[in-house]
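**Student:** pasting the structure only:
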């Protein structure tokens, strides 16, 4: 027998060689991030990484070790100063959560535990996740038999919800036969032109094709046109198609618009359709004391997707989907390989198999962030922050409406304000150029970070307020700087003309 190679005889692990040094660096890292969070208002909202930083972040695969202290120092120099910026009080791009300090601690603790969270692993983290799901099932008024699942975010939540809708409403065994098999009518899903792109992605991924999704027009408030929906459903039925689901937006991504959920629930009930609500951020407005009228009826939905990492201010990423019909949920995803057998005792004797409710098997302990922050701060404080953001959106709305050089481009339904600088006597092309430059200047100068969209062919500066650090003074500054920069840029526009 040949001699055993040296590298085989010397067994190794990946633990630190010096735990004291690891502890020292870890404590310094905690201090660094606490300072980073507590001084966030003192920094620019955003700044691009310089070329020398970009070059340093390009390197060959390191085969040999480096001291942890050195790697941490590079992180402080080359990574930490150049984030997306969404923890800053004046970051209002897309729909971005700000996180919270307790969640940072929870992430460190969860990473240290490194739990699998399979569900059938008999562990405390599984019970924490089930507790959080139960809290939100109750908050949204869903029945006790509701099933739920932590997912990566609203996009995955929409995919899971629509996959269950397909199983429940297709009228044949989709898992066995596939979608739209010979002899069966083509399946159709309905949503509005304002729906999030993840809805179309979900329909395409499920094999229904983009033609299987009907984008209905919206009214002046950017809500789905209910009459157009009625008409399209009847047209499709007459054409021999099979309508299966309506996807409502609770907080449309462009404007924050809320589709009329009670009316859509009535239509779904009339035609035996599944009602899925994409409530990535807006569904959480249902938990405030005076919830918007159009969120009445949320409890009638068959499924809801929403994000903890948006308006509940959890660190990324953590989303959720709730589904009333637990059996349809399990029928959509359950497989029973022998290596995942649940036992009556031991490690594999946990209460639930999460992989029977979604795509993932191994899953992070994201629920700890939600559990710890709610227990630490109390859910009442989260309610107040949501209310505060809605009030701030109304405040900014009024600032825009009361200034002759600013133009509101959409109704402010919830927490998103769309505006542009419009001093008058400019063409639409000039206004688009001017406002694109204005937006970039706000970002590059580190003043504020709204995002943009197109509304009825007009370029809009879009301010999405899911930020617990924002204050009214920040919106005063945004308006003041928009007028200043807009005026400066106007001179260039006029010269170009």
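**Tutor:** Structure's in. What do you need? Here the structure is a predicted model, which is why all the values come from computation and not from measurement.

**Student:** so where is this structure shaky, pLDDT-wise?
**Tutor:** 1-8, 494-497 (pLDDT under 70).

**Student:** need the strands for it, in chain order.
**Tutor:** Ranges of strands in the chain, per DSSP state E, are 91-92, 147-151, 187-192, 213-216, 242-249, 274-278, 303-307, 319-323, 406-408, 416-421, 449-455, 458-464.

**Student:** what sits up against the last one?
**Tutor:** Going back to what we said before, that points to strand 458-464. When contacts are defined by CB atoms under 8 Å, 6 or more residues apart in numbering, strand 458-464 is touched by residues 92-96, 254, 256, 393, 396, 409-410, 415-421, 428, 431-432, 435-436, 438-439, 450-454, 478, 482. Yep, even glycine has a C-beta here, placed from its N, CA and C like the rest.

**Student:** of those, buried ones?
**Tutor:** Buried residues within the contacts of strand 458-464, counting neighbours by 16 or more other CB atoms under 10 Å: 92-96, 254, 256, 393, 396, 409-410, 415-421, 431-432, 435, 438-439, 450-451, 453, 478, 482.

**Student:** how many other residues sit next to residue 117?
**Tutor:** Look at residue 117: counted by other CB atoms under 10 Å, it has 24 neighbours.

**Student:** And for the one 5 residues further on?
**Tutor:** Applying the criterion other CB under 10 Å, we find 17 residues in the vicinity of residue 122.

**Student:** just residue 236 next, same as before
**Tutor:** Residues lying near residue 236 (other CB under 10 Å) number 17.

**Student:** for residue 274, same thing?
**Tutor:** Look at residue 274: counted by other CB under 10 Å, it has 26 neighbours.

**Student:** Which residue is the nearest non-sequential neighbour of it?
**Tutor:** Using CB to CB, 6 or more residues apart in numbering and skipping residues adjacent in sequence, the residue nearest residue 274 is residue 165, 3.6 Å away.

**Student:** what about the one you found, neighbour count?
**Tutor:** Residues within reach of residue 165, counting by other CB under 10 Å, total 28.

**Student:** Tell me which residues touch it, please.
**Tutor:** Contacts of residue 165 by CB under 8 Å, 6+ apart are 189, 244, 245, 274, 276, 302, 303.

**Student:** again, 10 Å this time
**Tutor:** For residue 165, the contact set (CB atoms under 10 Å, 6 or more residues apart in numbering) comprises 187, 189, 202, 206, 244-247, 273-276, 302-303, 323, 325, 328, 332.

**Student:** Next: residue 415.
**Tutor:** Listed by CB under 10 Å, 6+ apart, the contact partners of residue 415 are 92, 95, 251, 256, 281-282, 285, 311, 386, 388-394, 396, 463-467.

**Student:** Which among the residues you listed count as buried?
**Tutor:** 92, 95, 251, 256, 281-282, 285, 311, 386, 388-390, 392-393, 396, 463-467.

**Student:** re earlier: residue 340 is nearest to which of the strands of the chain?
**Tutor:** Counting by CB to CB, residue 340 lies closest to strand 147-151 out of these; the figure is 16.3 Å.

**Student:** List the neighbouring strands of that closest one plus their orientation.
**Tutor:** Here strand 147-151 has these sheet partners by DSSP bridges: strand 319-323 (antiparallel).

**Student:** Could you list the buried residues of the partner strand?
**Tutor:** Buried positions in strand 319-323, judged by neighbour count with 16+ other CB under 10 Å: 319, 320, 321, 322, 323.

**Student:** rewinding a little: could you dump the strands of the chain into a markdown table with distance to residue 473 added?
**Tutor:** A markdown table is the format used below for the strands of the chain (distance: least, CB to CB, whole Å):
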| stretch | distance to residue 473 |
| --- | --- |
| strand 91-92 | 14 |
| strand 147-151 | 36 |
| strand 187-192 | 36 |
| strand 213-216 | 40 |
| strand 242-249 | 31 |
| strand 274-278 | 33 |
| strand 303-307 | 28 |
| strand 319-323 | 32 |
| strand 406-408 | 18 |
| strand 416-421 | 16 |
| strand 449-455 | 16 |
| strand 458-464 | 15 |
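
**Student:** Out of the ones you listed, which is closest to residue 355?
**Tutor:** Closest among the strands of the chain, using CB to CB: strand 147-151, at 9.8 Å.

**Student:** distance of the closest residue in space to residue 86 that isn't next to it in sequence from residue 24?
**Tutor:** Take residue 86 and drop its neighbours on the chain: the residue closest to it by CB to CB, 6+ apart is residue 96, 4.1 Å away. For residue 96, the distance to residue 24 (CB to CB, to the nearest Å) stands at 34 Å.

**Student:** Likewise for residue 10?
**Tutor:** As judged by CB to CB, residue 10 and residue 24 stand 27 Å apart.

**Student:** can you check residue 149 too?
**Tutor:** With distances taken as CB to CB, residue 149 is found 40 Å from residue 24.

**Student:** Which one of these two is surrounded by more residues?
**Tutor:** Higher neighbour count among residue 149 and residue 24: residue 149, with 27 against 13, using other CB under 10 Å.

**Student:** Identify the bridge partners of the more buried one.
**Tutor:** Residue 149 has the following beta-bridge partners by DSSP bridges: residue 321.

**Student:** pretty sure it contacts residue 137?
**Tutor:** No - the pair residue 149 / residue 137 is not scored as a contact, 11.5 Å apart, by CB atoms under 10 Å.

**Student:** who touches both of those two?
**Tutor:** With contacts defined as CB under 10 Å, 6+ apart, the residues shared by residue 149 and residue 137 are 320, 322.

**Student:** my guess is residue 154 meets residue 306, correct?
**Tutor:** Yes - using CB under 10 Å, residue 154 is in contact with residue 306, at 6.7 Å.

**Student:** any common contacting residues for these two?
**Tutor:** By CB under 10 Å, 6+ apart, residue 154 and residue 306 have these common neighbours: 251, 278, 279, 280, 281, 283, 319, 320, 321.

**Student:** will you turn these into CSV that also has distance to residue 474?
**Tutor:** Shown next, in CSV, are the shared contacts of residue 154 and residue 306 (distance: CB to CB, whole Å):
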residue, distance to residue 474
251, 21
278, 28
279, 26
280, 23
281, 19
283, 25
319, 27
320, 29
321, 33
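
**Student:** which among those gets closest to residue 214?
**Tutor:** Distance to residue 214 across those (CB to CB) is lowest for residue 278, with 15.3 Å.

**Student:** what's around that closest one, how many residues?
**Tutor:** Neighbours around residue 278, by other CB under 10 Å: 31.

**Student:** who's in contact with it?
**Tutor:** 154-155, 157-158, 161-162, 191, 195-196, 198-199, 202, 247-253, 259, 303-306.

**Student:** of the shared contacts of residue 154 and residue 306, closest to residue 237?
**Tutor:** Distances from residue 237 to those, taken as CB to CB, are shortest for residue 278 (24.2 Å).
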